[in-house]
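Enquirer: Give me a model of this one.
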Amino acid sequence: MSKDINILKEIGNKNPFKVPEGYFEGLSDRIMSQLPDRMDESPKRVSLWARVQPWVYMAAMFCGIALMINFFNRSPQQSVLDLLSSADIEDFSQYYEEQLASSIYNDAFYMDDIE
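Expert: A predicted model of the protein is given here:
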């Protein structure tokens, strides 16, 4: 702490920074001379996609959130076999067997015509 007081006494309240003489008198003229003579004032065309892009991204984000909420909040669904009665399953298996037998018969019957 005593070091800080000694340094303050050495420096005092004088400003260590100095500005060259006449620096601020010609400052605005020097800045204006470095600027370009004419600025390009033509407005840039913004494409349709650039204008619509934030809205498309926001809509996609909300769709994703809705799908996630739907996915995590859905109740367990019954399988298709649980919804069918045993009679429906038997009817389907009989129909499938008949179609398979018919297909085998047609293949065997028409195979003779090809050869």
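Enquirer: For the rest of this, base every contact and every neighbour count on C-alpha atoms.
Expert: Fine.
Enquirer: need the helix or strand of this structure with the lowest average pLDDT.
Expert: Considering only helices and strands, the least confidently modelled element of the chain by mean pLDDT, DSSP states H and E is helix 80-83, at a mean of 65.
Enquirer: Report the next helix or strand after that helix in sequence order.
Expert: Later in the chain than helix 80-83, the nearest helix or strand by DSSP states H and E is helix 86-114.
Enquirer: Quickly note the distance from the residue most central in space within the chain to I104.
Expert: Geometric centre of the chain, nearest residue: Y57, 6.3 Å, by C-alpha atoms, centre = their mean. Using C-alpha to C-alpha, to the nearest Å, we find Y57 at a distance of 55 Å from I104.
Enquirer: Repeat that for L48.
Expert: Separation of L48 from I104 (C-alpha to C-alpha): 60 Å.
Enquirer: Neighbour count: those two, which is higher?
Expert: Using other C-alpha atoms under 10 Å, the more surrounded residue of L48 and I104 is I104, with 11 against 8.
Enquirer: pLDDT score assigned to the more buried one?
Expert: According to the prediction, I104 has pLDDT 80.
Enquirer: K44: which element?
Expert: In the assignment (DSSP H and E), K44 maps to no helix and no strand.
Enquirer: ah, wrong one, I meant V52
Expert: Taking DSSP H and E as the criterion, V52 maps to helix 48-73.
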